[in-house]
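Participant: what's the 3D shape of this:
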Amino acid sequence: MKKNLVIINNEKCSIKDSDLYCENLEIKSLNENLKNKYNIKFILRRGNAIPVYKIDKSNTKISSNVLSFIKNLFISAIKDRANYLIISVTPYTFLSFLLLFLFKKKIFLYLRSDGKKEISIIFGKKLSIIYKIIENVMVKFSNLIVVNDLISKKKIFHLVNPSQIDQQWFQNIKIPKRDKIKLLYVGRIKVEKGVYSLIDIFKKIKYSEKDLSLTLIGQGNKPKETSNKIKFLEPISVKKNLIEQYDQHNIFILPSYTEGHPQALIESLVRQRPVVVFEEIEHVLQKYEGVFVCKRDHNHLLNLIKFIDKNYEEILEKMKKNRYPTKENFFKQLNKILN
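Facilitator: Residues are numbered from 1 along each chain as shown. Okay, here's the model as predicted:
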């Protein structure tokens, strides 16, 4: 007999042509990969999300404001004999936690990044202190799931290696021509992701030996003034098309100020693309070959790009030793914890 599992996520979803969509692949993936063992229900927020991934609306309760969110949650707490998986710490998920705690529900809290650092970057240190207090309360009274042991100081937690990597990612890997150096970023276009910082750094680079370009794939507020060497693309939902974008570029760059277990980094390494990260997230290396740490400075970035380009074949050969987390193993871990 299947158990009941209610998943609460702060991510917004949108409705288009009577279908339900989200921007985050994780929501779609959780439903597809857990529904064989659980009766899944989602409680999500409605917003102006770009319709990237189509999701099942038959098991999803949509909230357009705080009151409808609380109503959906309250009805679930009364009617559903279920465990609850709360993803991330936000005002909405904190409200969820408080209500579910009062109803003595079993709560799993899934943290994917250092939220305090994100809040500090976006809103400043004062709000980050409030965030940390809220997070500590939620962590103390939940079954904690984290993607690395740097996220929480709690002594007892469950560690998972999130991944959306399946066999298709390992097939027909293509190495691009290197007459040009093409940099790639995949992710949200937001302050905490370091994208605006990367754009400013890239614009300062002067390099005449090879044509140097930067492609950014993702949703967010794009700066009005960039460069003719910088290209923006909308989020790509078709896996085959996303893989093609990795294959068309030489180097992947991840400029984030904070990360937990970045999916795009794993995707790029699987496609045998060297990765550049900035110092703030050097913990994501995890002994992977092909990941290089850079100072947030245009001269240092240019020197590192030159080094990677010069030693490209040798770097790719070392990267063959890497072993990557897969979607199959991730959901085995998650199932074991939720059970």
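Participant: any idea how the chain splits into domains?
Facilitator: Domain assignment for the chain, taken from automatic domain parsing, gives 3-164+329-338, 167-319.
Participant: for the shortest one, give the mean pLDDT please.
Facilitator: The average of the pLDDT scores along domain 167-319 is 92.
Participant: for the domains of the chain, give me JSON lines that also has mean neighbour count.
Facilitator: Quick note: C-beta positions are derived from backbone N, CA and C, even for glycine. Below are those laid out as JSON lines (neighbours: other C-beta atoms under 10 Å):
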{"stretch": "domain 3-164+329-338", "mean neighbour count": "17"}
{"stretch": "domain 167-319", "mean neighbour count": "17"}
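Participant: for Lys320, grab phi and psi.
Facilitator: phi -60, psi -20 (degrees, to the nearest 10).
Participant: now do the helix or strand Tyr246 falls within: which elements does it pack against?
Facilitator: Tyr246 belongs to helix 239-247 when assigned by DSSP states H and E. Applying 3 or more C-beta pairs under 8 Å, 6 or more residues apart in numbering; DSSP states H and E, one finds that helix 239-247 contacts strand 180-186, strand 211-217, helix 263-270.
Participant: and the last one, what does it pack onto?
Facilitator: Right, the one you point to is helix 263-270. strand 180-186, helix 239-247, strand 251-254, strand 275-278.
Participant: now do the helices in the stretch 51-200 of the chain.
Facilitator: 66-79, 91-102, 115-123, 125-140, 195-204 (DSSP state H, counting those that start in this stretch).
Participant: tabulate those (CSV), appending distance to Glu244.
Facilitator: Listed next are the helices of the stretch 51-200 of the chain as CSV, based on distance: least, C-beta to C-beta, whole Å:
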stretch, distance to Glu244
helix 66-79, 38
helix 91-102, 35
helix 115-123, 31
helix 125-140, 39
helix 195-204, 22
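Participant: can I get the CA coordinates of stretch 48-55 in PDB?
Facilitator: Output in PDB follows, covering the C-alpha atoms of stretch 48-55 (Å, rounded to 0.1, in the frame of the first residue of the first chain):
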ATOM      1  CA  ASN A  48       4.600  34.600 -13.300                       C
ATOM      2  CA  ALA A  49       6.800  31.600 -13.800                       C
ATOM      3  CA  ILE A  50       8.000  31.000 -17.300                       C
ATOM      4  CA  PRO A  51       6.200  27.800 -18.600                       C
ATOM      5  CA  VAL A  52       9.300  25.600 -19.000                       C
ATOM      6  CA  TYR A  53       8.300  22.200 -17.600                       C
ATOM      7  CA  LYS A  54       4.800  20.800 -17.800                       C
ATOM      8  CA  ILE A  55       3.600  19.200 -14.500                       C
END
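Participant: what does that stretch rub up against?
Facilitator: Counting by C-beta atoms under 8 Å, 6 or more residues apart in numbering, stretch 48-55 makes contact with 11-14, 16, 19-25, 27-28, 31, 42, 219, 234-235, 237, all of which sit outside it.
Participant: quick one: that stretch to chain centroid distance?
Facilitator: Distance of stretch 48-55 from its chain centroid, counting by C-alpha atoms, centre = their mean, to the nearest Å, is 15 Å.
Participant: which ones are touching Ile87?
Facilitator: 7-11, 26, 93, 110, 112.
Participant: list the ones among those that fall in strands.
Facilitator: 7-11, 110 (DSSP state E).
Participant: biggest separation within the residues you listed, which pair?
Facilitator: Glu11 and Tyr110 (12.4 Å; C-beta to C-beta).
Participant: gap between stretch 212-231 and the chain center?
Facilitator: 20 Å.
Participant: again with stretch 1-19
Facilitator: Per C-alpha atoms, centre = their mean, the centroid offset for stretch 1-19 relative to its chain is 18 Å.
Participant: per-residue confidence at Lys153?
Facilitator: 66.
Participant: which residues are contacting the helix holding Tyr246?
Facilitator: 168-169, 173-174, 176, 184, 186, 215, 217, 233, 236, 252, 267-268, 271, 273.
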